[in-house]
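**Student:** no FASTA, just this:
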């Protein structure tokens, strides 16, 4: 009770702090900067925060907080533009949004999808703030109740969403998820440091693949390539259907869904160590399970946008709890935030356990600045959405080269290696084939995202549990089967059973036509071959590093089993069966005027030219030749578009102090920036 | 009259010219200095560099912008290997290393393709560390580990070849049976495991201990055991100035039966402790940097540490420890990287026997 009596005055003080014109001004500035950074896929809050960090030293605390929070709050809002309009998941927070948001854009309903997403984001942000205001006072023991078994179970719950998103053929979905998990294990193991499908001779692989690259490769590249082949605009009839008001109404009709998903977002966000990777999938799964007519998911169901978007801004609020109460950052941007807070003013604010005792007013200011920034950012985004949605009516051939430019740059930012571009291309190929043969790409991505947490929490929970069991059987049982774990097990089991019944109706890959046996069998063979080689690779890890081999062996084995059953089914069933789904036979891709390899070779040419000339020179050549040859534009248009693209790239990179991929040329000659 | 005016103008001109030439030698005005940190944004090195960057910018000639860039990967060896290939250009490249960069170098990790002796250190700073126990076992601790012989503990660890090598070896020497749970992302996560009761023993660097763990001690859920200590001018381990009332590991070891403060094991522990704590973080300029640039940086870092408010602002961010510049930094580098061959082979052997880590591949 004592905690609550102190809360009201602190809350009032917080509002007095916030409602100063200068504070609102800084917040607005932060929001604007955050929107600009967030539209750029793959950069996220870290780039923006690094930009303002030098100014934080000695700054008036509330001003600095307003600036930083304004920026942090709107990044998950503004990256919705890229995910809905282009099918590019800007960050892990917008992966599930792509599933239905992009199909809506293709139907010409981009503005509606965007405004529904923004309305949900804003609402989620506010629900998050209200919830936090009370929750933060009692959060500490609750956060501490989430130990390793609990976190493992939440990860498993996230993984169980594969059941919902597995697609028409559950086995294919499972195999895709297994493949995703196996690709997630590439590199140095967290626990024992053993190498999996990597060698020290290729240092790039030892760190594993980055989520940004896999997200872009699996979702963005297949869509960009497919649209480019069809040579049309994103919106099928090159026009915009219903406007932004419709989206807000959609949100209002689904406000209870929005409430539920916001709460899911806050709660999962509160648990340190999970971060945002599972939230939007759990929210999406929940949305699917609570929708009566499931036939439209994956083809442009507005609820599929509202659910995940409600959760991802609420999650940012929830993420403040471990950050502020324990001083443990939930993400890279939160880590910079913690560092920056200590620079503010006289350095008297210290993020950590004492935030509630000595700085409750500041804590509340942070919570409500976050909510306010959400409102500001959303209003700006909704205002802009009608105009920006017009991008979907432009002939895609004029858009695609810029998208190739953006995703290459985004991929490079994730690790600043040339290999990032190669990895992007390789994962893009996997994505293209997963899409072609109707293997669920969301399942693949969920597998990849959760591969590391599953492995980590399994190993750690097992180790701590065996320590407890050694003490006494009861202590071990208490640890493993805590009430939270039991609840989560029940939720997971129910969600898998319900999900399996529904999965067949949810076409996460859209409609497909079935074709001959040959192509699907060849793909299956490649997947199985990769699984076999990684299984052999894992089995070579010495036994004392059991922690590094057990998960790849089990998961790889299960995935391979799925492949074998699929193989048997493919042999038995006649051609034309749904199992042989192949988008190249007919439909949008099959009937497209341009071939797959010719289209893909444009991206390849940009990457190869970058290897020799560095990114900017390669980009100039790429844009010039693309517009002249592929788009058949006249020289005037070509030059203007090329100059515009390169200038935009340089401006953004210059302002954010980012490098471009260098090539062999840069190794030999010293060139001035941006050619460097 | 006219002449004297001219004279004044001339002298002023000459003086101005003299200032500008001396400044032109090392002048960073309008330039951007990139401080590369081979870790991610979340670690202690990021905190360290972000703390020094704006201060350094104020003191360098020409007040350049100092930005911190992160190049994480392969436990910091990726960034260090990259830095090894960099040559002096215009003095706008600075590189920061930590104990996690020193240890693989000392242990001949196969990934290491860098050589500390090629680089020019301009600044070095250290930290301390404190080990603490859960309340129940804490009661049995009486300044020695005699009542804790063979007791079993769980510890959330980032990996045996990282800085955790120092606490793990210390506990082993005291006869504690500590089982590390590997794969923790940072010491903060380790502390959280301790708070959840999953881990039963933990250590934190000084500033994190004060912020995160001292409240646990106050609340009675943790009992401090020992600090790692600090080095005095003679290279001996003395009490940590931040924790003058806490015994050092050396004292606890002396009081514990079977723990010896001499011999191979002790020498190995001490060597790695020195490399990992009192000289934990170093800032370097690349190979071939001319002396005037080095001096400019040394001077700037000297000015930073001499700021009147430095002890106060540093205490919260990086702890109350000495910052070495110039010749001090060079000595610090030597201290941090000269580990006797016997200590190396002892540690390699121990890592292999206890944790199956084979560094010879």
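**Tutor:** Sure, I can see it. Since the model is a prediction, treat every value here as computed from it, not as a measurement.

**Student:** at the geometric centre of chain B, which residue sits there?
**Tutor:** residue B:280 (1.9 Å; CA atoms, centre = their mean).

**Student:** tell me the mean pLDDT for the longest helix along chain A?
**Tutor:** Counting residues, the longest helix found in chain A (DSSP state H) is helix A:110-145. Across helix A:110-145, pLDDT averages out at 87.

**Student:** what helices or strands is the following helix or strand past it leaning on?
**Tutor:** Once helix A:110-145 ends, the next helix or strand along the chain (criterion: DSSP states H and E) is helix A:148-165. Applying 3 or more CB pairs under 8 Å, 6 or more residues apart in numbering or on different chains; DSSP states H and E, one finds that helix A:148-165 makes contact with helix A:170-184, helix A:279-289, helix A:441-471, helix A:483-503. Bear in mind the C-beta positions are built from the backbone N, C-alpha and C, glycine included.

**Student:** just checking, what packs against the last one?
**Tutor:** This points to helix A:483-503. When contacts are defined as 3+ CB pairs under 8 Å, 6+ apart, helix A:483-503 packs onto helix A:148-165, helix A:170-184, helix A:279-289.

**Student:** can you rerun that using 6 Å?
**Tutor:** Applying 3 or more CB pairs under 6 Å, 6 or more residues apart in numbering or on different chains; DSSP states H and E, one finds that helix A:483-503 contacts helix A:148-165.

**Student:** contacts for the helix it packs on, please.
**Tutor:** The contact list for helix A:148-165 (CB atoms under 6 Å, 6 or more residues apart in numbering or on different chains) reads A:177, A:273, A:278, A:281-282, A:285, A:288, A:440, A:442-443, A:446, A:450, A:453-454, A:457, A:460-461, A:464, A:480, A:484-485, A:488, A:492, A:495-496, A:499-500, A:503, A:508.

**Student:** contact residues of the stretch 1-150 of chain B facing chain A?
**Tutor:** Applying CB under 6 Å from any CB of the partner chain, we find that the stretch 1-150 of chain B lies next to chain A at B:41, B:42, B:47, B:50, B:54, B:67, B:73, B:74, B:78, B:110, B:111.

**Student:** mind doing that once more with 7 Å?
**Tutor:** B:40-42, B:46-47, B:50, B:54, B:65, B:67, B:71, B:73-74, B:78, B:110-111 (CB under 7 Å from any CB of the partner chain).

**Student:** strands - which of those land there?
**Tutor:** Using DSSP state E, the members of these that fall within strands are B:65, B:67.

**Student:** show me which of the residues of the stretch 1-150 of chain B next to chain A has the smallest pLDDT value.
**Tutor:** residue B:42 (66).

**Student:** roughly how far does the most far-flung residue of chain A relative to its centre sit from chain B?
**Tutor:** Using CA atoms, centre = their mean, the residue of chain A lying farthest from its centre is residue A:472. It sits 42.0 Å away. From residue A:472 across to chain B, the span is 13 Å (CB to the nearest CB, to the nearest Å).

**Student:** list the contacts of the residue nearest to the residue nearest to the centre of chain B when sequence neighbours are not counted.
**Tutor:** Distances taken as CB to CB, 6 or more residues apart in numbering or on different chains put residue B:99 closest to residue B:280, at 4.8 Å, once the chain neighbours are dropped. Residue B:99 is in contact with B:163, B:275, B:276, B:280, counting by CB atoms under 7 Å, 6 or more residues apart in numbering or on different chains.

**Student:** ok, and the most crowded of these?
**Tutor:** residue B:280 (30 neighbours; other CB atoms under 10 Å in any protein chain shown).

**Student:** ramachandran angles for it?
**Tutor:** phi -80, psi -40 (degrees, to the nearest 10).

**Student:** pretty sure it contacts residue B:126?
**Tutor:** Yes. With contacts counted by CB atoms under 7 Å, residue B:280 reaches residue B:126, the gap being 5.3 Å.

**Student:** where exactly do the helices run in the stretch 201-350 of chain A?
**Tutor:** A:203-206, A:211-215, A:221-230, A:244-253, A:255-270, A:279-289, A:303-321, A:332-343 (DSSP state H, counting those that start in this stretch).

**Student:** can you spell out which helices and strands pack onto the second one?
**Tutor:** The one in question is helix A:211-215. helix A:396-415, helix A:419-436, helix A:441-471 (3 or more CB pairs under 7 Å, 6 or more residues apart in numbering or on different chains; DSSP states H and E).

**Student:** rewinding a little: buried ones from the residues of the stretch 1-150 of chain B next to chain A, can you make that a PyMOL selection?
**Tutor:** Entered in PyMOL, the line below selects the buried ones among the residues of the stretch 1-150 of chain B next to chain A, by 16 or more other CB atoms under 10 Å in any protein chain shown:
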select buried, chain B and resi 40+41+42+46+47+50+54+65+67+71+73+74+78+111
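
**Student:** one step back: check contacts around the residue nearest to the centre of chain B.
**Tutor:** By CB under 7 Å, 6+ apart, the residues touching residue B:280 are B:98, B:99, B:126, B:127.

**Student:** and the third one, how far from residue A:407?
**Tutor:** As judged by CB to CB, to the nearest Å, residue B:126 and residue A:407 stand 43 Å apart.

**Student:** picking up where we left off before, return the member of the residues of the stretch 1-150 of chain B next to chain A nearest to residue A:615.
**Tutor:** residue B:71 (17.6 Å; CB to CB).

**Student:** can you tell me which residues contact that closest one?
**Tutor:** Counting by CB under 7 Å, 6+ apart, the residues that residue B:71 touches are A:416, B:36, B:38, B:78, B:79, B:82.

**Student:** do that again at 10 Å, thanks
**Tutor:** Neighbour list for residue B:71: A:415-417, B:36-40, B:78-80, B:82-83, B:95 [criterion: CB atoms under 10 Å, 6 or more residues apart in numbering or on different chains].
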